[in-house]
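K.L.:
Return a 3D structure for these sequence lines:
(one chain, ligands or ions: 1)
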Amino acid sequence: MTAIYITRYMRQNFLLAVALVLLTACTDTESAWLRENLTYCDVQVHRTLNELRGDSGRIDYSMTPRNIGPDESAWNLVSAATPDDWTIGFFPGILWYDYENSQDTMVLREARNFTERLGYLAHRPVFDHDLGFIMICSYLNGYRLTKDEGYKQVLLAAADTLATLYNPQVGTLLSWPRNVQMFGGHNTIMDNMMNLELLLWAAENGGSERLRDMAVSHADTTMAYHFRPDFTSYHVAVYDTLSGRHLYNCTHQGAADSTLWARGQAWAIYGYTMMYDYTREPRYLDFAKKVTEAYLQRLPDDSLIPFWDFSRNDERDASAACVVASALIRLSELTGEARYLDRAMTMLHSLSAEPYRCGDAKPAFVQHVVGNYPAGGEIDYSINYADYYYIEALTRLKAHVK
Ligand code: GLY
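P.N.:
Model prediction:
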C-alpha cells in the first residue's frame, strides 16, 4: 500500500515538474517577439497621446479614446464625465500597463490624469454594473502599481456603490437597471462576471465581508442558470425581481438566443478564472476549465480568433481572443497546465500579425473587433477593450518568457 502511495506521489510531482518546465521553457525567439510587441504597444500609446494633445499640446482628460472605424485612422472619443459609456476605464488601464512595461514617467503621469478623472463615479448613484470594468482597469491597476492610499479609498467606495445593484432574492447584481422593463425583470448579463473582482478585492482590502458573499452568490447563481448543459453561455439571464425565480435566458449582443456570443464566453472564461484566483474554491476552477473547453473546441481554425458569434462565419471578433488569451495565461499559472499557455501564445501570435495588428495604419494595437453586431455598432473596428486585454496578456506573459 505504502509503495502505491509513494509511486502516486512521485508521479504527481513528476507531472508538476514537467508542467513547470514547459511553462517557463519559452525560447529566445519568443522573448524577442514579446519585447517587440511591448515596444509596439508603447509606440502606439505615444501616438495616441500625441493625437490627443493635438495642436494645443494639452489633453482634455474628460474625453477618452474608444474606437477607430475600419476606414478611419484616428480615435473617436467618448465622454468620461458621465457614467454611460462602459469603456471609459480601458484607456487609463492601457496606460498603466504601458507604464508597468516601459517605466516611462510621462505615461505614469497621464495614467494618473485619466484615472483620476473617473473618481467621481465612486460616490454617485451607480449607473450600471460596468462600474466594475471602469474602476478595475483604472484605479485597481493604479493601486497595484503605486499603492496610492487615495486610490484604495476610491476603490472601496466604488465597491460599496456597485454593491447597491445586488438583489438578495435573486442572488446576483442587476446588470442594466435601465432595461428592467424591457427584459421583464432583474437582468444579469455574462459580462457582469468581470465586475465581481471589485467586490472580491474590496472584501480583501478592508471592505465589508458581505461584498465577498455577494460575489460568490452571483458567480454561483450565474453558474446555475446562465449556461447550457454543454457549458456554453447565454448572454442574458432574467429573474423575477421580487421572488428571485429564474424566468428565462436570451441574448442581447449574440446572433440568437440559442447561439454562443464569443465575447460572452470570453467573459465567462476570464470571470471564473478570476473567481478561483481570489477564492481558491475548486468549483470555480473546475467551471473555468469547462467553459474554456467549450470555447476552444468551437474555434474555427488555427488562428484561434473566433467569429463574433460561433454560429456565424462573417466577422471575427479580435476582442474575444484578447480577453481569452489573458485569462488562459492566468489559468495556466493556476493549474500548472502548459496547454493553456500554449493556446494563449497562439492567440497572441495571431493578434500580433496581419490582419489583426493595426501597425502604422491606426494608433490602436489590434483591429477587426465587433462591438454590437445586432445593433450594427462597431463592426470591424479597433476598440479600447481589445487593446486593454491584449496588453494585459502580453504583460502577464513576461513571467513566462525570459
Ligand atoms: N460589456 C459589453 C460588451 O462586451 O460588449
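
K.L.:
In a helix, residue 237, correct?
P.N.:
No: counting by DSSP: H, G, I helix; E, B strand; the rest coil, residue 237 falls outside a helix, being strand.

K.L.:
Relative to residue 153, how far out is residue 107?
P.N.:
24 Å (C-beta to C-beta, to the nearest Å). In short, each C-beta sits where N, CA and C put it, glycine included.

K.L.:
Sorry, wrong one. I was asking about residue 134.
P.N.:
Taken as C-beta to C-beta, the span from residue 134 to residue 153 is 16 Å.

K.L.:
got it, and residue 336?
P.N.:
Residue 336 is 37 Å from residue 153, by C-beta to C-beta.

K.L.:
Which parts of this protein are strands?
P.N.:
Here the chain has its strands, by DSSP state E, at 63-68, 76-79, 166-167, 172-173, 186-189, 236-239, 246-250, 369-372, 377-383.

K.L.:
what's the closest of the ones you listed to the ligand?
P.N.:
Minimum separation from the ligand across the strands of the chain (C-beta to the nearest ligand atom) falls at strand 369-372, 6.0 Å.

K.L.:
Parallel or antiparallel, list what pairs with the closest one.
P.N.:
strand 377-383 (antiparallel) (DSSP bridges).

K.L.:
Dump the strand it pairs with to PDB, restricted to CA.
P.N.:
Extracted in PDB, the C-alpha atoms of strand 377-383 (Å, rounded to 0.1, in the frame of the first residue of the first chain):
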ATOM      1  CA  GLY A 377     -22.500  49.000 -33.700                       C
ATOM      2  CA  GLU A 378     -18.700  49.000 -34.100                       C
ATOM      3  CA  ILE A 379     -18.400  46.200 -36.700                       C
ATOM      4  CA  ASP A 380     -14.800  45.600 -37.800                       C
ATOM      5  CA  TYR A 381     -13.400  48.300 -35.500                       C
ATOM      6  CA  SER A 382     -10.500  48.800 -33.200                       C
ATOM      7  CA  ILE A 383     -11.900  49.200 -29.700                       C
END
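
K.L.:
between that strand and strand 63-68, how many degrees?
P.N.:
Per axes from the mean of the first three to the mean of the last three C-alpha atoms, to 10 degrees, the angle that strand 377-383 makes with strand 63-68 is 110 degrees.

K.L.:
do strand 377-383 and the ligand meet?
P.N.:
No: against the ligand, strand 377-383 shows no contacts by C-beta under 6 Å from any ligand atom, the least distance being 8.7 Å.

K.L.:
So if I had to pick from residue 134 and residue 153, which one is more boxed in?
P.N.:
residue 134 (27 against 15; other C-beta atoms under 10 Å).

K.L.:
closest point of the stretch 251-400 of the chain to the ligand, which residue?
P.N.:
Residue nearest to the ligand within the stretch 251-400 of the chain (C-beta to the nearest ligand atom): residue 263, separated by 4.8 Å.

K.L.:
what bits of the stretch 51-200 of the chain have low per-residue confidence?
P.N.:
Residue ranges of the stretch 51-200 of the chain with pLDDT under 70: none are present.

K.L.:
Could you check which residue of it lies nearest the ligand?
P.N.:
residue 191 (3.8 Å).

K.L.:
And for the nearest residue to that residue once chain neighbours are set aside, the neighbour number?
P.N.:
Residue nearest to residue 191 in three dimensions, not counting chain neighbours: residue 267, with 4.9 Å by C-beta to C-beta, 6 or more residues apart in numbering. Residue 267: 24 surrounding residues under other C-beta under 10 Å.

K.L.:
Quick check, pLDDT for residue 267.
P.N.:
For residue 267, the pLDDT comes out at 98.

K.L.:
That one against residue 196, yeah?
P.N.:
No: the criterion here is C-beta atoms under 8 Å, and residue 267 misses it with residue 196 at 10.8 Å.

K.L.:
So which bits of this structure are right by the ligand?
P.N.:
Residues of the chain lying near the ligand (C-beta under 6 Å from any ligand atom): 86, 191, 253, 263.

K.L.:
Most neighbours out of the residues you listed, which is it?
P.N.:
Busiest of these [other C-beta under 10 Å] is residue 263, holding 28 neighbours.

K.L.:
I'd like the distance between that residue and residue 124.
P.N.:
From residue 263 to residue 124 the distance is 28 Å (C-beta to C-beta).

K.L.:
now residue 303: how far from residue 318?
P.N.:
In terms of C-beta to C-beta, residue 303 sits 10 Å off from residue 318.

K.L.:
Same drill for the two, tell me which one is more crowded.
P.N.:
Neighbours were counted for residue 303 and for residue 318 using other C-beta under 10 Å; residue 318 has more, 32 against 18.

K.L.:
Residue 96 is in contact with residue 142, isn't it?
P.N.:
Yes: counting by C-beta under 8 Å, residue 142 is a contact partner of residue 96 at 5.9 Å.

K.L.:
and for these two, which residues touch both?
P.N.:
Shared contacts of residue 96 and residue 142 (C-beta atoms under 8 Å, 6 or more residues apart in numbering): 111, 115.
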